[in-house]
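> Sequence and predicted structure are below.
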Amino acid sequence: MTHTITTTELAWDHAVRDVPQSGATGTRDASPDELATVARALDLIACTRLRVEYAIYPMPGGRYRLSGRLHAQVSQTCVVTLDPIEGTLEESFEATFWPREAMPVPESGELAIDDAPEPEPIVAGQIAVGRVAFESLAAALEPYPRKPGAILDWRPPVPAEAAPTDAAGPFAALAALKSKG
């Protein structure tokens with residue numbers, strides 16, 4: 001499946017014209033505004049740090065290989081206690097970028113099962129480093145964060161007909177009045 005998600009959270013594009021034959025490397029640190037945007041987009045309490053280190057290497061046919069590593073500090077909400085959970089993520093990522101005209105035509109109904117990531121299109125001469133990093137961060141997050149030791153002690157409500165009767169309960173006086181009438 002080719003990625004068609006357009007993200008503006010991290011507009012860290014790298015122009016292919018700036019990639020020499022020997023390759024290019026870069027490091028990006030998210031600004032406070034970018035951190036806040038990422039936190040909102042991923043429903044985090046906060047994203048306090050995001051650093052991406054990457055390398056782009058040219059391949060035959062006008063293609064490029066992007067590989068890198070992200071380091072992030074995030075705060076998520078515990079699904080049990082609703083308390084904040086601080087976490088550090090370190091995740092590797094990789095993508096290949098192809099000229100639009102060289103993109104493979106998707107074959108409907110077939111699922112490619114191999115280790116190679118689906119190629120990404122080069123859009124306007126740019127390699128979308130920020131989008132790949134954002135999607136990698138999103139995939140690395142714990143979908144149901146739980147504080148260590150947090151236990152959900154939930155019991156379903158007892159139906160009225162199965163509830164124990166208590167002759168001295170708050171409705172006993174009403175029941176007595178009703179039975180007299």
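That came through, no problem.

> how distant is the longest helix along the chain from the center of its chain?
Ordering each helix of the chain by length in residues (DSSP state H) puts helix 129-140 first. With Cα atoms, centre = their mean, to the nearest Å as the basis, helix 129-140 stands 7 Å off its chain's centre.

> what comes up buried for it?
129-137, 140 (16 or more other Cβ atoms under 10 Å). From N, CA and C alone the C-beta is placed, and that goes for glycine too.

> residues touching the residue nearest the centre of the chain, list them.
Nearest to the mean C-alpha position of the chain, by Cα atoms, centre = their mean, lies residue 138 at 1.8 Å. Residue 138 makes contacts with residue 42, as judged by Cβ atoms under 8 Å, 6 or more residues apart in numbering.

> Could you tell me the model confidence score at it?
On pLDDT, residue 138 comes in at 94.

> same check, this time on residue 127
As predicted, residue 127 sits at a pLDDT of 94.

> for residue 11, same thing?
Listed pLDDT for residue 11 reads 87.

> quick check, it in a helix?
No: under DSSP: H, G, I helix; E, B strand; the rest coil, residue 11 sits outside any helix and is assigned coil.

> What are the neighbouring residues in contact with it?
Applying Cβ under 8 Å, 6+ apart to residue 11 gives the contacts residue 130.

> how much space is there between it and residue 89?
21 Å (Cβ to Cβ, to the nearest Å).

> got it, and residue 36?
18 Å.

> Please apply the same query to residue 27.
Taking Cβ to Cβ as the measure, residue 27 falls 17 Å from residue 89.

> Look at these two and report which has more neighbours.
Higher neighbour count among residue 27 and residue 89: residue 89, with 17 against 9, using other Cβ atoms under 10 Å.

> So in terms of bridging, what pairs with the more buried one?
Beta-bridge partners recorded for residue 89 (DSSP bridges): residue 72.

> what residues are up against it?
Listed by Cβ under 8 Å, 6+ apart, the contact set of residue 89 reads 70-74, 137, 140-141.

> For it, give me the pLDDT.
Residue 89 is given a pLDDT of 94.

> Equivalent analysis for the one 4 residues further on, please.
According to the model's per-residue confidence, residue 93 sits at a pLDDT of 94.

> Quick check: nearest residue in space to it, chain neighbours excluded?
Closest residue to residue 93 apart from its sequence neighbours, by Cβ to Cβ, 6 or more residues apart in numbering: residue 136 at 4.0 Å.
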